[in-house]
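Trainee: When you get a sec, could you give me coordinates for this:
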Amino acid sequence: MHKKSIFDYKSVVDEGEIEGLINLSAPLKGKKIQHINSTKKGGGVAEILNNLVPMLNELGMENIWSDIKGDQRFFEITKKIHNSLHGADDKLNADDYAYFEKNVFAQKDTLIKGADVYVVHDPQPLPLVKFRKEFGGKWIWRCHIDLSTSTEATWKSLEKYVSMFDAAISHCPGYAKELKIRQFIFPPTIDPLAAKNVDMSQDRIDGVRKKYGIAGDKKIIVQIGRFDRLKDPFGAIEAYRIVNKMYPSVLVLAGSYADDDPEGEEIYKEVRAAADGDSDIKVLNIPTTDESPFEINAFQRMADVCLQMSSREGFGLTVAEALWKGTPVVARDSSGIALQILHGINGFLVKTPQGAAYRISQIFSSRQMREKFAEAASAYVYTHFLLPKHLKNWICCLNAALMNKAKGVVEI
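Mentor: Down below sits the predicted model:
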């Protein structure tokens, strides 16, 4: 496969934007930046870093991406932390926190010597900041989670580490906590040239449809996402069953297990059970391979509607992906999803499976609505949620952090 260059994006965005990135990044040339998260396979953070790191390197920086390791208990604890930061009542005790910290501290060797900036993604590697004096450099916490409803006890247990960073980054103002350190606000983006988003021939889309036995004479509803309770695949099934009474349909629930999510396989089995033998509910575990991004791309393009019933989302890259392709989106009005959908203009925001079913039926019944949404959706993503925009935001953030220029909360 062709190795992407920053100049390839001239086919998508204005040439002046690419030249602007080159000029803006000049002060960062030669700077060493280490990104640390909890997995390189599965989930939105891994996908974001997989796109971001090579492009920052092409702009003259040396970005290194590292991941921490953990056993079953470690990831069970970090999953509880993740859920409770999203507002779930997942109880953690002193032994849980002690085990969590001990495992992260034991991975001090993950840190490289001499980095100018250390970027810690999400809570899993958070305690590594304890070693900041030894390693030097600037430290940034990039939080991909909606913290607006986090449980007080969990947040307090992590805040002692967050306060040790030089800066934090959140997706939107509503996620930012009251902190004494600098905060930057900007959302993630999708890569329009990635395999998940490139144009596809109808023959290739049809090939994927036939591979998975998806009927070509029925309406197709697609929800993409990890098998996670917060994604609410059960709500998607409920909405499909209502719609199916009026419009014969197929529901595709396609996702995978992230390496750092021990609940994935269990929830996958529960979703299969909830499908209750309905051959038009396709519950698909798509392992991460070279081909899987193309299959996800095909699902989103064959869909008459893309659905996202997540009760909480830090952002929800799958929404932006579908919007970019001009596929109508119906999604629950939750956290990061609401950043992307302008209700009634480029998609619909709903509260319940019943509301989703009503909006899906509306879209199925109106070609004019589908065409209107498609045009507005791709234009909105073009303006706000493509990779060159993300690169610009990161460059501004890194420049400000290294020069100690920004104070308080800065929305880029």
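Trainee: When you work out contacts or count neighbours from here on, use the C-alpha atoms and nothing else.
Mentor: Noted.
Trainee: which other residues reach stretch 6-25?
Mentor: Stretch 6-25 is contacted by residues 55, 58-60, 192-193, 388, 391-392, 395-396 when judged by C-alpha atoms under 8 Å, 6 or more residues apart in numbering.
Trainee: Taking those residues, tell me the two that lie furthest apart.
Mentor: Across the contacts of stretch 6-25, no pair lies farther apart than 193 and 396, at 22.9 Å, counting by C-alpha to C-alpha.
Trainee: Where do the helices of the stretch 101-250 of the chain begin and end?
Mentor: Assigned by DSSP state H, counting those that start in this stretch, the helices in the stretch 101-250 of the chain fall at 132-135, 152-162, 202-211, 233-244.
Trainee: Packing partners of the second one?
Mentor: Helices and strands touching helix 152-162, as assessed by 3 or more C-alpha pairs under 8 Å, 6 or more residues apart in numbering; DSSP states H and E, comprise helix 72-85.
Trainee: Which secondary structure elements does the helix it packs on sit against?
Mentor: helix 94-105, helix 152-162.
Trainee: Could you pull out the buried residues of the shortest one?
Mentor: If I follow you right, that is helix 152-162. 154-155, 161-162 (16 or more other C-alpha atoms under 10 Å).
Trainee: between these, which is nearest residue 3?
Mentor: residue 162 (36.2 Å).
Trainee: So for the residue positioned nearest the centre of the chain, what's the pLDDT?
Mentor: The centroid of the chain falls nearest to residue 44 when counting by C-alpha atoms, centre = their mean (3.4 Å). pLDDT, residue 44: 87.
Trainee: Nearest spatial neighbour of it, chain-adjacent residues omitted?
Mentor: Distances taken as C-alpha to C-alpha, 6 or more residues apart in numbering put residue 317 closest to residue 44, at 6.9 Å, once the chain neighbours are dropped.
Trainee: Please name the residues that touch that neighbour.
Mentor: 44, 188-190.
Trainee: Produce a PyMOL select command limited to the buried residues of the residues you listed.
Mentor: Here is the PyMOL selection string for the buried members of these, based on 16+ other C-alpha under 10 Å:
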select buried, resi 44+188+189+190
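Trainee: would you list the contacts of residue 317 in CSV and tack on distance to residue 302?
Mentor: Shown next, in CSV, are those (distance: C-alpha to C-alpha, whole Å):
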residue, distance to residue 302
44, 22
188, 25
189, 22
190, 19
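Trainee: What residue, apart from its backbone neighbours, is nearest residue 304 spatially?
Mentor: residue 220 (5.3 Å).
Trainee: Specify the beta-bridge partners of the one you found.
Mentor: residue 250 (DSSP bridges).
Trainee: before we move on, the earlier item: wait, which of the contacts of stretch 6-25 is closest to residue 299?
Mentor: residue 192 (16.2 Å).
Trainee: That closest one against residue 385, yeah?
Mentor: No - counting by C-alpha atoms under 8 Å, residue 192 does not reach residue 385; the two are 9.5 Å apart.
Trainee: ok, now which ones touch the residue nearest to residue 304?
Mentor: Residue 220 sits in contact with 249-252, 302-305, where contact means C-alpha under 8 Å, 6+ apart.
Trainee: separation between residue 351 and residue 334?
Mentor: Taking C-alpha to C-alpha, to the nearest Å as the measure, residue 351 falls 8 Å from residue 334.
Trainee: Between these two, which has more neighbouring residues?
Mentor: residue 334 (21 against 13; other C-alpha atoms under 10 Å).
Trainee: The more buried one and residue 312 touch, don't they?
Mentor: Yes - the pair residue 334 and residue 312 qualifies as a contact (C-alpha under 8 Å) at a distance of 5.6 Å.
Trainee: For the host helix or strand of residue 368, name the packing helices and strands.
Mentor: Per DSSP states H and E: residue 368 is located in helix 367-384. For helix 367-384, the elements it packs on are helix 317-324, judged by 3+ C-alpha pairs under 8 Å, 6+ apart.
Trainee: and residue 134, how many neighbours?
Mentor: By other C-alpha under 10 Å, 9 other residues sit near residue 134.
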